[in-house]
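A.B. asks: this one's sequence-less:
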């Protein structure tokens, strides 16, 4: 998950800094990133990629410009939605693959393929109402892991 911050000095975007970031997990207030150096993007913007972030957690924190003074030294940080968007994109791709490809029932399993007809997307075991493997009168399916 990428966290961004912006620094300016007297209203002018400040470049050439080596700011640090400290992040806390909102759910338990724990520090998960402690004074790690951020990367400059440009025009006063800086980023930090917290690769261990969870898409289901909220984060808050502060970035420290180190060299700026007064109220310009620190900038607040809040959760980026990039991780959630990436997760949604993965889910959408999966649904599109299932919807646009073929499927077949073979040996008590339902198999979904991408549009190319050969790349398997998902596989499910099929059961009748009594819980026995079935090819007809399907009552439920369970994903094959």
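C.D. replies: On my side now, so go ahead. The model shown is predicted, which means the values in this text are computed figures rather than measured ones.

A.B. asks: And the chain, what are its domain boundaries?
C.D. replies: 2-80, 94-143 (automatic domain parsing).

A.B. asks: among these, which is nearest residue 87?
C.D. replies: domain 2-80 (5.0 Å; Cβ to Cβ). In this view, the C-beta of every residue, glycine as well, is placed from N, C-alpha and C.

A.B. asks: my read is residue 87 is in a helix, agree?
C.D. replies: Yes. Checked against DSSP: H, G, I helix; E, B strand; the rest coil, residue 87 lies within a helix.

A.B. asks: What separation is there between it and residue 55?
C.D. replies: Remark: distance between residue 87 and residue 55 (Cβ to Cβ, to the nearest Å) = 5 Å.

A.B. asks: now, of the domains of the chain, which is deepest in the fold?
C.D. replies: Of all these, domain 2-80 has the most neighbours on average by mean count of other Cβ atoms under 10 Å, namely a mean of 15.

A.B. asks: For the closest residue in space to residue 58 that isn't next to it in sequence, give its distance to residue 141.
C.D. replies: Spatial nearest neighbour of residue 58, excluding adjacent residues (Cβ to Cβ, 6 or more residues apart in numbering): residue 26 at 4.1 Å. To residue 141, residue 26 is 37 Å away according to Cβ to Cβ.

A.B. asks: Could you dump the domains of the chain into a markdown table with mean pLDDT added?
C.D. replies: Compiled in a markdown table, these are given as follows (pLDDT from 0 to 100):
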| stretch | mean pLDDT |
| --- | --- |
| domain 2-80 | 94 |
| domain 94-143 | 94 |
